[in-house]
Each structure stands twice: as structure tokens, then as C-alpha cells.
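1. Sharing a model that was predicted from the sequence below.
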Amino acid sequence: MEEKILCKFKCEEVAKRIGYGDTPIVYAAKFHAVMNDNEENLKFFAATPSGNIEVSTIRQDHFQVGKEYYVEFREVPVSK
């Protein structure tokens, strides 16, 4: 059976960065696990990992500072 871990992260920053290759500019978004503010967030913090995530995208509008996002971790099946 596949195990899933659902976490909630808040976007703390979106910064314009120099890209690489054919992508001259990327937008780096930094996220922190939510820990408080309301009952749902307290439940997430009690049941899931805490930490930070940073992702880069070529679109500036994928993530907005101050908004919360669900992140699901699941193992990728091995191809045979």
C-alpha cells in the first residue's frame, strides 16, 4: 500500500533569480511548514514533518507570499 504524507507549507518569499541554460530568469519560492494560527494548522504541525522547501519556476505567478499550500509526499513506484 502506498503511503502518503500530506503537509501544509506557507510561502514566505518569491524572489527573481538568474536562471540557467535557455531560461535566463527563474522565480525561487521559499516555504516554511505551518505551525500555528488556527486549529487546522496546529493539527498539521502535530502530525507531519516540519521544515522548509524551496522551488524554482519560470512563471512568477505560481505562488504568492502569505498563501498556504498543501504538499503531498509519496514514493515514486519503481519501473520494471
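-> Cool, the structure landed.
2. So what's the residue count around residue 26?
-> 18 (other C-beta atoms under 10 Å). For glycine as for every other residue, the C-beta is placed from the backbone atoms N, C-alpha and C.
3. can I assume it sits in a strand?
-> Yes. Checked against DSSP: H, G, I helix; E, B strand; the rest coil, residue 26 lies within a strand.
4. For the lengthiest strand in the chain, name the packing helices and strands.
-> If you go by DSSP state E, the chain has its longest strand at strand 4-20. Using 3 or more C-beta pairs under 8 Å, 6 or more residues apart in numbering; DSSP states H and E as the contact criterion, the neighbours of strand 4-20 among helices and strands are strand 23-33, helix 39-47, strand 52-57, strand 68-74.
5. Which one of those lies nearest to residue 15?
-> Residue 15 sits nearest to strand 23-33 of all the helices and strands packed on strand 4-20, at 5.1 Å, using C-beta to C-beta.
6. which residues touch the closest one?
-> Outside strand 23-33, the residues that touch it by C-beta atoms under 8 Å, 6 or more residues apart in numbering are 7-20, 44-45, 48-60, 62-63, 69, 71.
7. Just name the shakiest helix or strand of this structure by mean pLDDT.
-> helix 39-47 (a mean of 77; mean pLDDT, DSSP states H and E).
8. What residues of that one count as buried?
-> In terms of neighbour count (16 or more other C-beta atoms under 10 Å), helix 39-47 has its buried residues at 41, 44-45.
9. picking that back up, nearest to residue 2, out of the helices and strands packed on strand 4-20?
-> Closest among those, using C-beta to C-beta: strand 68-74, at 5.9 Å.
10. Contacts for that closest one next, please.
-> Strand 68-74 has contacts (C-beta under 8 Å, 6+ apart) with 2-11, 31, 34, 41, 53, 63.
11. of those residues, closest to residue 76?
-> Using C-beta to C-beta, the contacts of strand 68-74 come closest to residue 76 at residue 2, 10.1 Å.
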